[in-house]
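Asker: model this:
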Amino acid sequence: MTLPDFLIVGAMKAGTTWLSCNLGNHPQVFMPNKEIHFFNNPKNFERGFQWYENRFAKAGDAIAVGEKTAGYLLQPETPKVLAEFLPDAKIIIVLRDPVKRAISQINHHVRYGDIPTTLDPNNLIDSDAFSKIDKEFAILQRGRYLQQIERYYDTFDPDRILILINEIDIRKTPEKTLARTCEFLGVDSNFEFPLREKKIHENRNSKLGTLLAYKFFMLRPVIAKVDRFIPGAKLPPFKLSNSESKKLHKIYQEDNQRLFEFLGREMPEAWLGN
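Answerer: Here you go, the predicted structure:
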(Lines give C-alpha, C1' and ligand atoms only; values in the text may rest on other atoms or scores of the structure.)
Protein backbone atom coordinates (compact mmCIF):
# COMPACT_ATOMS: atom_id res chain seq x y z
CA MET A 1 0.00 0.00 0.00
CA THR A 2 1.38 3.39 -1.04
CA LEU A 3 -0.19 6.45 0.54
CA PRO A 4 1.03 10.04 0.82
CA ASP A 5 3.18 10.93 3.78
CA PHE A 6 2.83 14.65 3.14
CA LEU A 7 0.10 16.96 1.87
CA ILE A 8 0.16 20.50 0.55
CA VAL A 9 -3.26 21.68 1.74
CA GLY A 10 -3.39 25.32 0.64
CA ALA A 11 -3.96 28.14 0.44
CA MET A 12 -5.52 28.44 -3.00
CA LYS A 13 -3.65 30.87 -5.30
CA ALA A 14 -0.80 31.23 -2.78
CA GLY A 15 1.99 29.33 -4.54
CA THR A 16 1.04 25.70 -3.93
CA THR A 17 1.30 24.80 -7.63
CA TRP A 18 4.80 26.28 -7.82
CA LEU A 19 5.82 24.22 -4.81
CA SER A 20 4.24 20.97 -5.98
CA CYS A 21 5.67 21.29 -9.49
CA ASN A 22 9.14 21.77 -8.07
CA LEU A 23 8.85 18.91 -5.60
CA GLY A 24 7.48 16.69 -8.36
CA ASN A 25 10.80 17.09 -10.18
CA HIS A 26 12.78 15.79 -7.22
CA PRO A 27 13.96 12.22 -7.92
CA GLN A 28 13.09 11.13 -4.38
CA VAL A 29 9.59 12.63 -4.38
CA PHE A 30 6.41 11.43 -6.07
CA MET A 31 3.36 13.63 -6.55
CA PRO A 32 0.33 13.18 -8.86
CA ASN A 33 0.15 15.83 -11.57
CA LYS A 34 -3.34 17.00 -10.61
CA GLU A 35 -5.18 17.81 -7.42
CA ILE A 36 -7.13 14.78 -6.18
CA HIS A 37 -9.78 16.45 -3.98
CA PHE A 38 -10.45 13.18 -2.17
CA PHE A 39 -10.94 14.47 1.36
CA ASN A 40 -12.99 17.56 0.47
CA ASN A 41 -15.14 16.27 -2.41
CA PRO A 42 -17.93 13.85 -1.41
CA LYS A 43 -18.16 12.40 -4.92
CA ASN A 44 -14.47 11.44 -4.88
CA PHE A 45 -14.63 10.23 -1.29
CA GLU A 46 -17.50 7.90 -2.19
CA ARG A 47 -15.24 6.21 -4.73
CA GLY A 48 -13.48 4.62 -1.80
CA PHE A 49 -10.02 4.60 -0.30
CA GLN A 50 -8.76 2.12 -2.88
CA TRP A 51 -9.47 4.70 -5.59
CA TYR A 52 -7.40 7.21 -3.60
CA GLU A 53 -4.59 4.75 -3.09
CA ASN A 54 -4.47 4.06 -6.83
CA ARG A 55 -3.50 7.71 -7.45
CA PHE A 56 -0.08 6.82 -5.98
CA ALA A 57 0.45 3.47 -7.73
CA LYS A 58 3.40 4.85 -9.69
CA ALA A 59 5.28 6.13 -6.65
CA GLY A 60 7.85 3.33 -6.95
CA ASP A 61 10.62 3.65 -4.40
CA ALA A 62 10.09 7.36 -3.75
CA ILE A 63 11.19 8.40 -0.27
CA ALA A 64 8.45 11.04 0.02
CA VAL A 65 4.99 10.65 -1.50
CA GLY A 66 2.76 13.69 -1.53
CA GLU A 67 -0.48 15.21 -2.66
CA LYS A 68 -1.44 18.82 -3.33
CA THR A 69 -5.06 19.87 -3.00
CA ALA A 70 -5.33 23.54 -2.08
CA GLY A 71 -8.96 23.16 -1.00
CA TYR A 72 -8.03 21.05 2.04
CA LEU A 73 -7.19 24.15 4.05
CA LEU A 74 -10.63 25.74 3.94
CA GLN A 75 -13.11 23.04 4.98
CA PRO A 76 -13.40 22.80 8.81
CA GLU A 77 -13.85 19.03 8.86
CA THR A 78 -10.95 18.14 6.55
CA PRO A 79 -8.09 18.08 9.13
CA LYS A 80 -9.87 15.46 11.26
CA VAL A 81 -10.64 13.33 8.20
CA LEU A 82 -7.01 13.57 7.09
CA ALA A 83 -5.82 12.61 10.56
CA GLU A 84 -8.11 9.59 10.56
CA PHE A 85 -6.79 8.20 7.28
CA LEU A 86 -3.26 9.64 7.25
CA PRO A 87 -2.35 10.20 10.93
CA ASP A 88 1.41 10.39 10.32
CA ALA A 89 1.27 12.75 7.35
CA LYS A 90 3.25 15.98 7.27
CA ILE A 91 1.32 19.12 6.38
CA ILE A 92 2.58 22.00 4.23
CA ILE A 93 0.68 25.29 4.12
CA VAL A 94 1.55 28.22 1.84
CA LEU A 95 0.20 31.67 2.67
CA ARG A 96 0.04 34.82 0.56
CA ASP A 97 -1.15 38.37 1.17
CA PRO A 98 -4.90 37.68 1.38
CA VAL A 99 -5.72 40.68 -0.81
CA LYS A 100 -3.42 39.58 -3.63
CA ARG A 101 -4.66 36.03 -3.12
CA ALA A 102 -8.29 37.15 -3.44
CA ILE A 103 -7.60 39.08 -6.65
CA SER A 104 -5.75 36.08 -8.06
CA GLN A 105 -8.73 33.86 -7.25
CA ILE A 106 -11.09 36.29 -8.96
CA ASN A 107 -8.90 36.18 -12.06
CA HIS A 108 -8.89 32.38 -11.86
CA HIS A 109 -12.69 32.24 -11.90
CA VAL A 110 -12.94 34.82 -14.68
CA ARG A 111 -10.51 32.83 -16.85
CA TYR A 112 -12.48 29.64 -16.37
CA GLY A 113 -15.83 31.24 -17.06
CA ASP A 114 -17.16 30.94 -13.50
CA ILE A 115 -17.85 34.65 -13.10
CA PRO A 116 -18.38 37.51 -15.60
CA THR A 117 -15.69 39.88 -16.77
CA THR A 118 -17.83 42.90 -15.88
CA LEU A 119 -16.80 43.27 -12.22
CA ASP A 120 -16.24 46.92 -11.30
CA PRO A 121 -12.75 47.37 -9.75
CA ASN A 122 -13.87 50.73 -8.32
CA ASN A 123 -16.89 49.28 -6.51
CA LEU A 124 -16.30 45.65 -5.72
CA ILE A 125 -16.31 44.86 -2.02
CA ASP A 126 -19.80 46.20 -1.24
CA SER A 127 -21.43 45.28 -4.54
CA ASP A 128 -24.21 42.70 -4.84
CA ALA A 129 -22.30 41.03 -7.68
CA PHE A 130 -19.28 40.37 -5.48
CA SER A 131 -21.44 39.30 -2.56
CA LYS A 132 -22.92 36.50 -4.67
CA ILE A 133 -19.52 35.46 -5.98
CA ASP A 134 -17.97 35.51 -2.51
CA LYS A 135 -20.77 33.36 -1.13
CA GLU A 136 -20.25 30.75 -3.85
CA PHE A 137 -16.44 30.65 -3.95
CA ALA A 138 -15.50 31.78 -0.39
CA ILE A 139 -13.07 34.37 -1.75
CA LEU A 140 -12.76 36.40 1.44
CA GLN A 141 -12.96 33.45 3.82
CA ARG A 142 -10.02 31.69 2.17
CA GLY A 143 -7.83 34.61 3.24
CA ARG A 144 -8.73 34.32 6.93
CA TYR A 145 -5.82 32.00 7.53
CA LEU A 146 -5.47 31.77 11.29
CA GLN A 147 -8.71 29.94 12.00
CA GLN A 148 -7.91 27.48 9.21
CA ILE A 149 -4.35 26.90 10.44
CA GLU A 150 -5.44 26.45 14.05
CA ARG A 151 -7.60 23.50 13.04
CA TYR A 152 -4.50 21.74 11.72
CA TYR A 153 -2.48 22.59 14.82
CA ASP A 154 -5.29 21.18 16.95
CA THR A 155 -5.23 17.94 14.96
CA PHE A 156 -1.61 17.32 13.93
CA ASP A 157 1.69 17.53 15.81
CA PRO A 158 2.99 21.10 15.21
CA ASP A 159 6.40 19.63 14.39
CA ARG A 160 4.77 17.97 11.37
CA ILE A 161 3.46 21.28 9.99
CA LEU A 162 5.49 23.56 7.70
CA ILE A 163 4.13 27.03 6.94
CA LEU A 164 5.62 29.06 4.10
CA ILE A 165 4.98 32.74 3.36
CA ASN A 166 4.82 33.45 -0.36
CA GLU A 167 6.31 36.94 -0.25
CA ILE A 168 9.23 35.92 1.97
CA ASP A 169 9.94 32.25 1.43
CA ILE A 170 8.99 31.74 -2.21
CA ARG A 171 9.58 35.07 -3.91
CA LYS A 172 12.70 36.16 -2.02
CA THR A 173 14.44 32.91 -1.15
CA PRO A 174 13.11 30.13 -3.44
CA GLU A 175 16.27 27.99 -3.36
CA LYS A 176 16.55 28.17 0.42
CA THR A 177 12.85 27.41 0.79
CA LEU A 178 12.98 24.36 -1.47
CA ALA A 179 16.00 23.07 0.46
CA ARG A 180 14.17 23.67 3.74
CA THR A 181 11.12 21.83 2.41
CA CYS A 182 13.28 18.90 1.35
CA GLU A 183 14.77 18.70 4.85
CA PHE A 184 11.25 18.75 6.27
CA LEU A 185 10.30 15.84 4.00
CA GLY A 186 13.51 13.90 4.62
CA VAL A 187 14.82 13.97 1.04
CA ASP A 188 18.04 15.27 -0.51
CA SER A 189 18.11 19.03 0.08
CA ASN A 190 21.02 19.59 -2.33
CA PHE A 191 18.96 18.77 -5.42
CA GLU A 192 18.84 21.64 -7.91
CA PHE A 193 15.28 22.26 -9.07
CA PRO A 194 15.01 23.14 -12.82
CA LEU A 195 11.62 24.87 -12.44
CA ARG A 196 12.31 26.96 -9.38
CA GLU A 197 12.20 30.28 -11.26
CA LYS A 198 9.58 29.29 -13.84
CA LYS A 199 6.18 30.99 -13.76
CA ILE A 200 3.59 28.25 -13.43
CA HIS A 201 0.36 30.05 -14.28
CA GLU A 202 0.17 32.30 -17.32
CA ASN A 203 -2.93 33.89 -18.80
CA ARG A 204 -3.57 32.54 -22.28
CA ASN A 205 -7.28 33.30 -22.40
CA SER A 206 -8.65 35.56 -25.12
CA LYS A 207 -11.41 38.05 -24.40
CA LEU A 208 -13.76 36.20 -26.73
CA GLY A 209 -12.88 32.78 -25.31
CA THR A 210 -13.48 33.96 -21.75
CA LEU A 211 -16.86 35.43 -22.68
CA LEU A 212 -17.89 32.21 -24.43
CA ALA A 213 -16.81 30.12 -21.44
CA TYR A 214 -19.04 32.20 -19.17
CA LYS A 215 -22.02 32.17 -21.52
CA PHE A 216 -21.78 28.49 -22.41
CA PHE A 217 -20.72 26.89 -19.13
CA MET A 218 -21.15 23.27 -20.23
CA LEU A 219 -18.82 23.78 -23.20
CA ARG A 220 -15.91 25.16 -21.19
CA PRO A 221 -13.54 22.20 -21.82
CA VAL A 222 -14.02 22.51 -25.58
CA ILE A 223 -13.73 26.30 -25.52
CA ALA A 224 -10.50 26.08 -23.50
CA LYS A 225 -8.91 23.85 -26.14
CA VAL A 226 -9.73 26.15 -29.06
CA ASP A 227 -9.18 29.39 -27.16
CA ARG A 228 -5.43 29.31 -27.86
CA PHE A 229 -6.23 29.61 -31.58
CA ILE A 230 -8.68 32.52 -31.20
CA PRO A 231 -7.07 35.73 -32.53
CA GLY A 232 -7.15 39.00 -30.65
CA ALA A 233 -5.87 40.41 -27.40
CA LYS A 234 -5.59 38.29 -24.31
CA LEU A 235 -7.89 39.09 -21.43
CA PRO A 236 -6.19 41.64 -19.15
CA PRO A 237 -6.07 40.62 -15.48
CA PHE A 238 -8.62 42.06 -13.09
CA LYS A 239 -7.10 44.75 -10.88
CA LEU A 240 -8.64 46.46 -7.88
CA SER A 241 -8.61 50.22 -7.60
CA ASN A 242 -6.42 51.65 -4.84
CA SER A 243 -9.43 52.57 -2.73
CA GLU A 244 -10.94 49.08 -2.97
CA SER A 245 -7.56 47.51 -2.25
CA LYS A 246 -7.20 49.57 0.93
CA LYS A 247 -10.72 48.60 1.93
CA LEU A 248 -9.87 44.93 1.51
CA HIS A 249 -6.60 45.26 3.45
CA LYS A 250 -8.56 46.84 6.29
CA ILE A 251 -10.93 43.86 6.35
CA TYR A 252 -7.96 41.53 6.88
CA GLN A 253 -5.89 43.78 9.16
CA GLU A 254 -6.84 42.25 12.52
CA ASP A 255 -6.75 38.69 11.18
CA ASN A 256 -3.27 39.23 9.76
CA GLN A 257 -1.91 40.68 13.00
CA ARG A 258 -3.19 37.72 15.00
CA LEU A 259 -1.84 35.32 12.39
CA PHE A 260 1.75 36.56 12.57
CA GLU A 261 1.63 36.72 16.35
CA PHE A 262 0.65 33.05 16.26
CA LEU A 263 3.43 32.22 13.79
CA GLY A 264 6.03 34.27 15.65
CA ARG A 265 7.13 35.88 12.41
CA GLU A 266 7.30 39.44 11.13
CA MET A 267 4.51 40.39 8.77
CA PRO A 268 5.70 41.15 5.20
CA GLU A 269 5.29 44.77 4.17
CA ALA A 270 3.14 43.70 1.21
CA TRP A 271 0.50 42.42 3.64
CA LEU A 272 0.17 45.88 5.19
CA GLY A 273 -1.22 47.37 2.00
CA ASN A 274 1.06 50.42 2.14
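Asker: list the helices and strands the helix or strand containing Pro79 packs on?
Answerer: Pro79 belongs to helix 78-85 when assigned by DSSP states H and E. Under the contact criterion of 3 or more C-beta pairs under 8 Å, 6 or more residues apart in numbering; DSSP states H and E, helix 78-85 touches strand 6-10. Where you see a C-beta, it was placed from the backbone N, CA and C, and this is true even at glycine.
Asker: for the helix holding Pro79, buried residues please.
Answerer: Thr78, Pro79, Val81, Leu82, Ala83 (16 or more other C-beta atoms under 10 Å).
Asker: kindly provide the whole-number mean pLDDT of it.
Answerer: Computed over helix 78-85, the mean pLDDT rounds to 96.
Asker: same question, stretch 7-22
Answerer: For stretch 7-22, mean pLDDT is 96.
Asker: just stretch 92-101 next, same as before
Answerer: For stretch 92-101, the per-residue pLDDT averages 97.
Asker: between the helix holding Pro79 and strand 6-10, how many degrees?
Answerer: Angle of helix 78-85 versus strand 6-10, following axes from the mean of the first three to the mean of the last three C-alpha atoms, to 10 degrees, is 170 degrees.
Asker: immediately after helix 78-85, which helix or strand?
Answerer: Past helix 78-85, the next helix or strand by DSSP H and E is strand 90-95.
Asker: tell me the strands beside that following strand, with direction?
Answerer: Next to strand 90-95 in the sheet, as set by DSSP bridges, lie strand 6-10 (parallel), strand 161-165 (parallel).
Asker: follow-up on the earlier one: can you put the buried residues of helix 78-85 in JSON lines and add distance to Cys182?
Answerer: Below are the buried residues of helix 78-85 laid out as JSON lines (distance: C-beta to C-beta, whole Å):
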{"residue": "Thr78", "distance to Cys182": "25"}
{"residue": "Pro79", "distance to Cys182": "24"}
{"residue": "Val81", "distance to Cys182": "27"}
{"residue": "Leu82", "distance to Cys182": "22"}
{"residue": "Ala83", "distance to Cys182": "24"}
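Asker: from the residues you listed, pick the one nearest Asn256.
Answerer: Among those, Pro79 lies closest to Asn256 (C-beta to C-beta), at 21.7 Å.
Asker: check the gap between the closest one and Phe156 for me.
Answerer: Per C-beta to C-beta, to the nearest Å, Pro79 is found 7 Å from Phe156.
Asker: can you pull out the helices in the stretch 151-274 of the chain?
Answerer: 174-185, 207-215, 220-227, 242-263 (DSSP state H, counting those that start in this stretch).
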